[in-house]
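In: Curious how this folds, go ahead:
(one chain, ligands or ions: 1)
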Amino acid sequence: MTATLVTDPVIDELVGICGPDNVFTDRSSRVNRARVPAPFPVHRWAEHVPDVVVLPTSAEQISEVVKLANRHRIPVVPRAGGTGLTDGAVPLRHGILVDVKLMNKILEIDLDDRTVTVQPGINMLKLNEELRQHGVIYPDDPASYPCSLVGGRIGTSGWSLIGGRYGHTRDLVISFQIVLPTGELIWVGDGGGRKVRKSSTGYQLKHLFMGHQGTLGIVTEAVLELVPRPEAEFAAFFSYPDYETAWRSTGALAKSGLATLAGVVLFDEWKLDYLRRDDEAYIPQPDDVRCVVATAMYGTTDEVRPGAKRLLRIGTQTGGAYLGDEISQGDWASRHDRYATPLHGRLRDGQVVPMSWHCEDASINWSKLPQVRREWHDIVARLGDRFRIFDDWGMFAYTNGAFKPWGDYLTEIDVGIWEQELDDAAWDAWVTAKRDIAAVAIAYGGSISACHGACRAGEVDLVPEELGGGWEVMKKVKRVLDPLNIMNPGKYLLDQAYEGDEP
Ligand SMILES: Cc1cc2nc3c(=O)[nH]c(=O)nc-3n(C[C@H](O)[C@H](O)[C@H](O)COP(=O)(O)OP(=O)(O)OC[C@H]3O[C@@H](n4cnc5c(N)ncnc54)[C@H](O)[C@@H]3O)c2cc1C
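Out: Take a look at the predicted model:
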């Protein structure tokens with residue numbers, strides 16, 4: 001499908017639906033919503049500017065916008081916080097950008113059945129400010145906690161830093177309302193009941209609409225899980241002389257079976273080197289500290305106190321040295337801004353330049369982490385040798401944990417990229433490197449992405465290979481639900497679902 005121009009009569013219709021104050025055609029409103037933090041060559045930014053931005057205030061308005069888009073065959077791209085790292089909210093084919101930020105209300109706090117019903121434009125920080133007064137929280141806790149929104153969390157099927165204890169977005173969203181690509185409004189969840197957590201009625205449709213990156217509709221309301229506000233929080237950081245010991249210790253900690261354990265994270269040598277190089281390093285240590293494992297526990301005081309003792313014992317008995325309360329608690333408390341600041345970086349010659357970081361993430365089993373780490377660093381080193389604008393900012397691995405501590409790990413390699421210098425040759429080399437990084441994940445029995453999604457140039461090429469027969473089903477689902485390919489076209493190679501159609 002080619003993008004139909006958004007004409008004046010279409011703008012008039014949008015104004016009729018959303019009101020004159022909530023439809024924007026001026027350049028800055030559109031340009032401000034054209035990008036996400038993942039790097040893209042500066043000289044090509046204009047390729048992805050939407051034709052018009054709307055900020056609806058109700059599900060019905062969104063439904064009408066989508067119906068209009070179908071009538072005129074205009075692409076529609078939902079956008080929440082715009083913090084996604086896989087281009088999901090980037091309007092690849094221009095069209096109508098639906099910004100859900102004005103839909104940010106808490107609709108109901110139900111303390112009896114432990115749910116909160118919200119609109120998609122609220123973020124976890126704001127939500128929890130309200131919930132805390134009631135002794136409960138919504139425990140979805142990404143590093144982007146203050147700036148990503150519930151709609152985007154569902155759109156990406158996000159990863160929570162305390163997911164080992166409470167689960168991740170897919171576990172914490174009980175049900176939601178979604179405008180389908182043809183404009184119908186439906187609720188999906190576990191069964192029909194909006195507050196039901198387990199059902200055997202029919203297909204588990206909630207999961208179909210988790211992580212669809214805006215290709216299957218627009219979420220307009222969600223019912224979320226509430227848990228008691230943790231009485232006690234305990235963080236313990238351990239240092240190690242080498243990766244092998246740190247990796248083994250990570251496995252022992254994550255498999256401890258401690259119910260209060262919310263997260264176990266392994267930072268490798270490159271990550272520590274980078275943190276030391278930057279002025280904003282959070283983990284100052286002597287040079288013989290080569291790796292760090294960070295752990296955190298949440299729960300009641302009665303649970304956490306004895307659990308913490310055991311955690312410290314396991315960490316030290318498996319080769320770790322406890323880094324002390326100040327570093328452990330201070331660094332854990334700053335977990336939300338570890339990545340929020342590095343919009344600058346230091347080149348290897350010490351020069352400070354504006355840099356964007358990019359991370360490639362994957363789900364990998366614990367036993368395969370060392371091999372994957374070696375091969376990923378080799379790929380980035382080869383890239384860095386050719387172009388000095390790329391820099392290896394290290395890797396971390398984060399236990400998935402959710403209800404099975406032996407589970408897989410989110411592992412991520414962070415690459416600093418001097419975006420202004422990203423010419424076509426460097427961009428092509430980066431896209432190839434991304435594809436190579438994804439290929440390693442698949443070769444070791446992993447999945448290309450644990451939380452960001454895999455719809456950027458490079459890794460997206462390998463999605464069919466990873467999913468096998470599932471990819472054919474995915475295309476059929478897309479075509480049935482979105483017959484005219486108006487929802488976020490160009491993402492996930494899903495245009496292939498329409499091959500053979502008349503243009
Ligand atoms: C500093 C930083 C730290 C991060 N840390 C984490 C982390 O710890 N864990 C993690 O999982 N991610 C992390 N991310 C990535 C990002 O925050 C997540 O992917 C997040 O879920 C995106 O939410 P958003 O509101 O910004 O969504 P957006 O980027 O606006 O959108 C993401 C996708 O969802 C779609 N979408 C948006 N709204 C809707 C809607 N209402 N209905 C349907 N689809 C919709 C969009 O089209 C897009 O495809 C981080 C990013 C940054 C910049």
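
In: can the one helix or strand residue 264 maps to be found next to the ligand?
Out: Following DSSP states H and E, one finds residue 264 within strand 261-267. No. Shown here: strand 261-267 not in contact with the ligand (C-beta under 6 Å from any ligand atom), separated by at least 10.4 Å. For the C-beta atoms, the positions are set from N, CA and C on the backbone; glycine is no exception.

In: Are we agreed that residue 394 is in a helix?
Out: No. Under DSSP: H, G, I helix; E, B strand; the rest coil, residue 394 falls outside any helix and is assigned strand.

In: Wait, residue 423 touches residue 41, no?
Out: Yes. Using C-beta atoms under 8 Å, residue 423 is in contact with residue 41, at 6.9 Å.

In: Against which helices or strands is the strand holding residue 264 packed?
Out: Other elements packing on strand 261-267 under the criterion 3 or more C-beta pairs under 8 Å, 6 or more residues apart in numbering; DSSP states H and E are helix 163-166, helix 243-254, strand 291-299, strand 390-399.

In: of residue 423 and residue 41, who's got more company?
Out: Summary of the neighbour comparison: residue 423 and residue 41, criterion other C-beta atoms under 10 Å, with residue 41 having more neighbours (16 against 13).

In: quick one: the more buried one and the ligand, what's the gap?
Out: Applying C-beta to the nearest ligand atom, to the nearest Å, the value for residue 41 to the ligand is 19 Å.

In: Could you find the closest non-adjacent residue to that residue?
Out: residue 422 (4.4 Å; C-beta to C-beta, 6 or more residues apart in numbering).

In: residues near the one you found, how many?
Out: The tally of other residues near residue 422 (other C-beta under 10 Å) stands at 22.

In: now the one 10 residues further on
Out: For residue 432, the count of nearby residues is 14 (other C-beta under 10 Å).

In: Distance-wise, check residue 227 relative to the ligand.
Out: From residue 227 to the ligand the distance is 18 Å (C-beta to the nearest ligand atom).

In: ok, and the helix or strand in this protein with the lowest average confidence?
Out: In the chain, no helix or strand scores lower on mean pLDDT, DSSP states H and E than strand 344-346, which sits at a mean of 67.

In: Can you give me every residue that contacts the residue in the stretch 1-150 of the chain that the ligand sits nearest to?
Out: Using C-beta to the nearest ligand atom, the point where the stretch 1-150 of the chain gets nearest to the ligand is residue 88, with a distance of 2.2 Å. By C-beta atoms under 8 Å, 6 or more residues apart in numbering, the residues touching residue 88 are 36, 152, 155-156, 213-214, 453, 455, 488, 491.

In: which residues in the stretch 1-150 of the chain form helices?
Out: Counting by DSSP state H, counting those that start in this stretch, the stretch 1-150 of the chain has helices at residues 8-18, 27-31, 59-72, 124-132, 150-156.

In: Let me know which of the ones you listed is tucked in deepest.
Out: With neighbours defined as mean count of other C-beta atoms under 10 Å, the helices of the stretch 1-150 of the chain peak in mean count at helix 150-156, which reaches a mean of 30.

In: which phi and psi does the closest residue to the ligand within the stretch 401-503 of the chain have?
Out: Across the stretch 401-503 of the chain, the shortest distance to the ligand (C-beta to the nearest ligand atom) belongs to residue 451, at 3.5 Å. Main-chain dihedrals, residue 451, degrees, to the nearest 10: phi -150, psi -20.

In: Would you check that it makes contact with residue 159?
Out: Yes. Taking contacts as C-beta under 8 Å, residue 451 lies within contact range of residue 159: 3.4 Å.

In: State the phi and psi torsions of the residue nearest to residue 41.
Out: Residue torsions, per degrees, to the nearest 10, at residue 422 are phi -80, psi 90.

In: what about the residue in the stretch 201-350 of the chain that the ligand sits nearest to, neighbour count?
Out: The ligand sits closest to residue 214 of the stretch 201-350 of the chain, with a gap of 2.7 Å, by C-beta to the nearest ligand atom. By the other C-beta under 10 Å criterion, the neighbourhood of residue 214 contains 26 residues.

In: any chance of the helices of the stretch 1-150 of the chain in JSON lines, plus mean pLDDT and distance to residue 374?
Out: JSON lines is the format used below for the helices of the stretch 1-150 of the chain (pLDDT from 0 to 100; distance: least, C-beta to C-beta, whole Å):
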{"stretch": "helix 8-18", "mean pLDDT": "97", "distance to residue 374": "52"}
{"stretch": "helix 27-31", "mean pLDDT": "95", "distance to residue 374": "41"}
{"stretch": "helix 59-72", "mean pLDDT": "98", "distance to residue 374": "46"}
{"stretch": "helix 124-132", "mean pLDDT": "97", "distance to residue 374": "35"}
{"stretch": "helix 150-156", "mean pLDDT": "98", "distance to residue 374": "28"}
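
In: right, and those helices - which one's nearest residue 80?
Out: Closest approach to residue 80 among the helices of the stretch 1-150 of the chain (C-beta to C-beta): helix 150-156, 3.3 Å.

In: ok so, going back, joint contacts of residue 451 and residue 159?
Out: Here residue 451 and residue 159 have 142, 168, 410 as joint contacts, going by C-beta under 8 Å, 6+ apart.

In: Mind putting those into JSON lines with neighbour count?
Out: Output for these, formatted as JSON lines (neighbours: other C-beta atoms under 10 Å):
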{"residue": "142", "neighbour count": "25"}
{"residue": "168", "neighbour count": "27"}
{"residue": "410", "neighbour count": "23"}
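
In: OK, contacts around the nearest residue to residue 250 once chain neighbours are set aside?
Out: Leaving out its chain neighbours, the residue that sits closest to residue 250 by C-beta to C-beta, 6+ apart is residue 266, at 4.5 Å. Neighbouring residues of residue 266 by C-beta under 8 Å, 6+ apart: 246-247, 250, 291-293, 369, 396-398.

In: Closest one to residue 205 out of those residues, please.
Out: Comparing the contacts of residue 266 against residue 205 with C-beta to C-beta places residue 398 closest, at 28.3 Å.

In: how close does the closest one sit to the ligand?
Out: Residue 398 is 8 Å from the ligand, by C-beta to the nearest ligand atom.

In: residue contacts, that residue?
Out: If a contact means C-beta under 8 Å, 6+ apart, then residue 398 has 159, 161, 263-266, 409-412 as its contacts.

In: and the protein, what are its domains?
Out: 8-99, 106-228, 232-460, 467-498 (the TED database).

In: ok, so what distance separates the residue most central in space within the chain from residue 359?
Out: Central residue of the chain (C-alpha atoms, centre = their mean): residue 452, 3.9 Å from the mean position. For residue 452, the distance to residue 359 (C-beta to C-beta, to the nearest Å) stands at 7 Å.

In: Mutual contacts of the two, please.
Out: Residues touching both residue 452 and residue 359 (C-beta under 8 Å, 6+ apart): residue 85.

In: where does the stretch 401-503 of the chain have low pLDDT?
Out: 402, 405-406, 502-503 (pLDDT under 70).

In: And for residue 486, the neighbour number?
Out: Neighbours of residue 486 (other C-beta under 10 Å): 27.

In: list the contacts for it?
Out: Taking C-beta under 8 Å, 6+ apart, we find residue 486 in contact with 1, 66, 69-70, 73-76, 95, 181.

In: Can you turn the buried part of those residues into a ChimeraX selection?
Out: Per 16 or more other C-beta atoms under 10 Å, the buried members of these correspond to this ChimeraX selection:
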select :1,66,69,70,74,75,76,95,181
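
In: quick revisit: what's the closest non-adjacent residue to the residue of the stretch 1-150 of the chain closest to the ligand?
Out: Nearest non-adjacent residue to residue 88, counting by C-beta to C-beta, 6+ apart: residue 213, 3.9 Å away.

In: and the residue of the stretch 1-150 of the chain closest to the ligand, what pLDDT?
Out: Model confidence at residue 88, given as pLDDT, is 96.

In: follow-up on the earlier one: convert the C-alpha atoms of the strand holding residue 264 to PDB, please.
Out: Below are the C-alpha coordinates for strand 261-267, written out as PDB (Å, rounded to 0.1, in the frame of the first residue of the first chain):
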ATOM      1  CA  LEU A 261      14.200 -12.000  44.900                       C
ATOM      2  CA  ALA A 262      13.100  -9.400  42.400                       C
ATOM      3  CA  GLY A 263      16.100  -9.200  40.200                       C
ATOM      4  CA  VAL A 264      19.700 -10.400  39.500                       C
ATOM      5  CA  VAL A 265      21.800  -8.500  37.000                       C
ATOM      6  CA  LEU A 266      25.200  -9.200  35.700                       C
ATOM      7  CA  PHE A 267      27.400  -6.400  34.400                       C
END
